[in-house]
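A.B. asks: Got a sequence here, can you model it:
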Amino acid sequence: MAGAGGVLANLILFAVVCIAPTVLFWCALRAPRLLRRLLEKRAKPQPAGPPIERVAADLRRVHRLLAGYPSGTPAARRFGTRQAYDELLTQACRQVGVPHRLAELPEGMDREIERLRVEESLRERGLAVP
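C.D. replies: Prediction:
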């Protein structure tokens, strides 16, 4: 009976010696992935765009530019400023969650009405736009 215990112990020792390196290498290969996942869970989510306060300030600034252009201002400057204003409205809508159709509508009365609707929707959501 004493020999059976020794054989069993030798068999367990043999299994540990054969399997341990494989398990250690497997763990070593998986450690970087595990560490990356842990770091991703701890990382704070980064905002997708600029802060909403900066977007609101830019909206007010560009709106003042549009409203303050005197007659005789080149059409290209007015058009570029309107495009910048529309892009800022689009960013604000994306951050606040307001649906819009500014990118779909051609320049004209329909787009002007959409600008007014978007501005009012942003005001209702608490964003101070002119």
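
A.B. asks: tell me the SS of Gln46?
C.D. replies: Following DSSP: H, G, I helix; E, B strand; the rest coil, we place Gln46 in the coil state.

A.B. asks: pLDDT value on it, please?
C.D. replies: Note on Gln46: pLDDT of 73.

A.B. asks: Run a quick neighbour tally on it.
C.D. replies: 5 (other Cβ atoms under 10 Å). In this view, the C-beta of every residue, glycine as well, is placed from N, C-alpha and C.

A.B. asks: Report the separation between it and Glu40.
C.D. replies: 12 Å (Cβ to Cβ, to the nearest Å).

A.B. asks: Same question for Pro32.
C.D. replies: In terms of Cβ to Cβ, Pro32 sits 12 Å off from Glu40.

A.B. asks: quick one, what contacts Leu89?
C.D. replies: 59, 100, 102, 115, 118-119, 122 (Cβ atoms under 8 Å, 6 or more residues apart in numbering).

A.B. asks: Would you work out how far apart the start and end of stretch 90-105 are?
C.D. replies: 13 Å (Cα to Cα, to the nearest Å).

A.B. asks: What of stretch 99-109?
C.D. replies: Span of stretch 99-109 from end to end, Cα to Cα: 19 Å.

A.B. asks: Give the buried residues for it.
C.D. replies: Judged by neighbour count (16 or more other Cβ atoms under 10 Å), stretch 99-109 contains these buried residues: 100, 102, 105.

A.B. asks: Which helix or strand contains the second one?
C.D. replies: Of the helices and strands defined by DSSP states H and E, none includes Leu102.

A.B. asks: Tell me how many other residues crowd the nearest residue to it once chain neighbours are set aside.
C.D. replies: Spatial nearest neighbour of Leu102, chain neighbours left out: Asp86 (5.0 Å); criterion: Cβ to Cβ, 6 or more residues apart in numbering. Close neighbours of Asp86, defined as other Cβ under 10 Å, add up to 20.
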